[in-house]
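Engineer: Make a model of this:
(chains A and B)
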Amino acid sequence: MATLRTIKKRIKSAGNIQQITKAMKMVSASKLRRAQERILQARPYAAKIEEVIDELIVNAKAEKGKYPLLEENTGAPKEAVVLITADKGLCGSFNTNLFKAAAAKLRETPNASFFCIGKKGMEGMRKLGLEIEKFKFNDRKINWIDIEEISGLMIKNFSAKKYSKITMIFSEFQNSLQQKIVNKQLVPVVFETKGARARSFIYEPSETTVLNSLLLRYIKTQLFRAVLESQTAEQGVKMVSMEMATNNAKEMIRSLTLLANNTRQAQITKEILEIVSGAEAIK
Amino acid sequence: MAKLLAMDIVTPEKRVFEGMVKELTAPGSDGEFGVLPEHAPFATALVPGVVSIIKETGERELMAVSGGYIEVTGDKVVLLVETAEREGEIDIETIKRRKEEKEKLLSSMTKEDVDYDMLQTSLLKEISMLKAVELLQKRKK
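Structural biologist: Next comes the predicted model:
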C-alpha cells in the first residue's frame, strides 16, 4: 500500500498539471478569438473576388487552352496535395485526423507530391519517407507573403505540367467542439457560378490576361482561407482538450484525496490499536 | 444629386475602404485611368501606384497600393489589392530601411537557402510599396 507521503506528492503534481492545462486553455481561448477575427477580416476579399470572377466567367468563352488554371493536366505524371496541419500537438486528434485523410489520399495516388503547412504534417510525411516539396510553419505569423510563396511554386509546377491537379486537405472550423476535414480541389479551379448576368466588359490588356491573373489570385485566396480556418479549428480543439485535461486532473485529485484520507485513517487506527494492546500488556 | 460610385477596397488581410465616392483614379497596367459614375463595365490589372478617390463629402483621399485588380460594373467598383496604405499611415523611412535590410540579407544568401524564395517575394513587395509611397509623396507636393 502506498504511503501517505507518496500519495500527497501525487496530489500535488496533479494540482500543478491542472494549473498548467487551465492556463493553456485560457491561452487558446484568446488565440481562438484572434484567429476568428482574422477570418472575418479576410472574408470581404474572398467574397469580392468570387463575385468578380463570377461576373467575368459568364462572359468568358471557355476555349481549350485559354485558361490553363481551369483545366486538368491530363498527361501529367502525378497529383499534388497541400496538407495543412498544426505546428504543435496537445490538440486531441486534430493532427491525426488530418493525417489519416492524407494517408487515404496517398493510397489513391501513391506518387503524389506534398506541400506541407504546419510542422506536424511535415514530420508525419517524413516518417513515411516522403519528400516534401515545400514546408511552411503554420503559426499566427503566417501571412499573405507566405501563401504567395507556396502557391507560386505550386502554380509554377502545375503550369510546367508536373501535376495533373492540386488538392488541399485541411480542417474547417465549425464550432469549438466540431471540425470538419475538408478535401478540396484547388487547381483546376472549380467554380460554382451564382448566375451573374452577362455584361460586356472592357478589358485591359485582354480578357484572357485579366481572368487568368484573377484565377491565380483566387487560388491564393482559397489557400489563405484554408490556413486561417485550420488555425481557428486548431485553437478550438486545443481549448476543448485542455478543458478535458483540467477536468481529468480534478477527478484524479478527488480520488487521490480519498485514498489519502483512507490511508491516514488506517494508520491512526493501527496506532491506537498498538497503544491499547501495549497498555493491556502492562496491566 | 449627382450619382455616386459604391466602392470597396479590400486586401487579403483586411477591408481598407468601403463607401461612396464621386470619382477615382487608379494606376492600370496600361496607364493611369479615371472612373466616374456610369462608367462602362471595365476590368483591368493594377500596377503599384497611387489610388486617389474623391469621397461623397468632396474630400480627397490618397492611398498607396501595390498591384492588384479593379473591376467596374455600372455604379460599383471593386478594388482587389495586395496591400493598401492610407496617406499618413506609412512612413517612407521605415519601408526604405526594411528594404535595405532585406537586400543585404538576400545578397548574403545563396539560392539553396531555405528562406531565399520567401525573402525575394517579400523584397519585391517592399519595393512595390516603396514605389507607391514615393509616388504618393510626389503627388502631395
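
Engineer: Packing partners of the longest helix seen in chain B?
Structural biologist: The longest helix of chain B (DSSP state H) is helix B:116-140. Packed against helix B:116-140 by the contact rule (3 or more CB pairs under 8 Å, 6 or more residues apart in numbering or on different chains; DSSP states H and E) you find helix A:144-159, strand B:49-55, strand B:60-65, strand B:84-86, helix B:92-107. Where C-beta positions appear, they are placed from N, C-alpha and C, glycine not excepted.

Engineer: out of the ones you listed, nearest to A:F191?
Structural biologist: With CB to CB, the closest approach to A:F191 among the helices and strands packed on helix B:116-140 belongs to helix A:144-159: 16.4 Å.

Engineer: Is chain B within reach of the closest one?
Structural biologist: Yes. Judged by CB under 8 Å from any CB of the partner chain, helix A:144-159 comes into contact with chain B at A:144-149, A:152-153.

Engineer: tell me which strands and helices the next helix or strand after that helix is in contact with?
Structural biologist: Proceeding N to C from helix A:144-159, the next assigned helix or strand is strand A:163-175, under DSSP states H and E. Contacts defined by 3+ CB pairs under 8 Å, 6+ apart place strand A:163-175 against strand A:78-84, helix A:94-108, helix A:144-159, strand A:178-187, helix A:207-282.

Engineer: In a markdown table: those, plus mean pLDDT and mean neighbour count.
Structural biologist: A markdown table is the format used below for the helices and strands packed on strand A:163-175 (pLDDT from 0 to 100; neighbours: other CB atoms under 10 Å in any protein chain shown):
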| stretch | mean pLDDT | mean neighbour count |
| --- | --- | --- |
| strand A:78-84 | 90 | 23 |
| helix A:94-108 | 90 | 17 |
| helix A:144-159 | 86 | 19 |
| strand A:178-187 | 86 | 17 |
| helix A:207-282 | 92 | 17 |
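
Engineer: Go ahead and confirm B:A84 touches B:D8.
Structural biologist: No. B:A84 lies out of contact with B:D8 (CB atoms under 8 Å); the separation is 11.3 Å.

Engineer: Give me the secondary structure label for A:D139.
Structural biologist: On the three-state scheme (DSSP: H, G, I helix; E, B strand; the rest coil), A:D139 is labelled coil.

Engineer: quick one, what contacts residue 126?
Structural biologist: You didn't say which chain, so I picked chain A. A:R126 sits next to A:I132 when contact means CB atoms under 8 Å, 6 or more residues apart in numbering or on different chains.

Engineer: My question was about chain B, not that one.
Structural biologist: Applying CB under 8 Å, 6+ apart, we find B:E126 in contact with B:95, B:98-99, B:102.

Engineer: swap the cut-off to 6 Å and go again
Structural biologist: Contact analysis of B:E126 by CB atoms under 6 Å, 6 or more residues apart in numbering or on different chains lists B:98-99.

Engineer: which residues does the residue of chain B found nearest chain A bridge with?
Structural biologist: Using CB to the nearest CB, the closest approach of chain B to chain A is made by B:T44 at 3.7 Å. Beta bridges link B:T44 to A:E204, B:I70, judged by DSSP bridges.

Engineer: That one is in contact with B:G28, isn't it?
Structural biologist: Yes. B:T44 lies in contact with B:G28 (CB atoms under 6 Å); the separation is 4.6 Å.

Engineer: Same drill for those two, tell me which one is more crowded.
Structural biologist: Using other CB atoms under 10 Å in any protein chain shown as the criterion, B:T44 and B:G28 rank with B:T44 on top: 25 against 17.

Engineer: For chain B, what lies in contact range of chain A?
Structural biologist: For chain B, the contact set with chain A under CB under 6 Å from any CB of the partner chain comprises B:10, B:12, B:14-15, B:28, B:30, B:40-45, B:71, B:78, B:80, B:117-118, B:121-122.

Engineer: again, only this time at 7 Å
Structural biologist: B:8, B:10-15, B:28-30, B:40-45, B:69, B:71, B:73, B:78, B:80, B:82, B:117-118, B:121-122, B:125 (CB under 7 Å from any CB of the partner chain).
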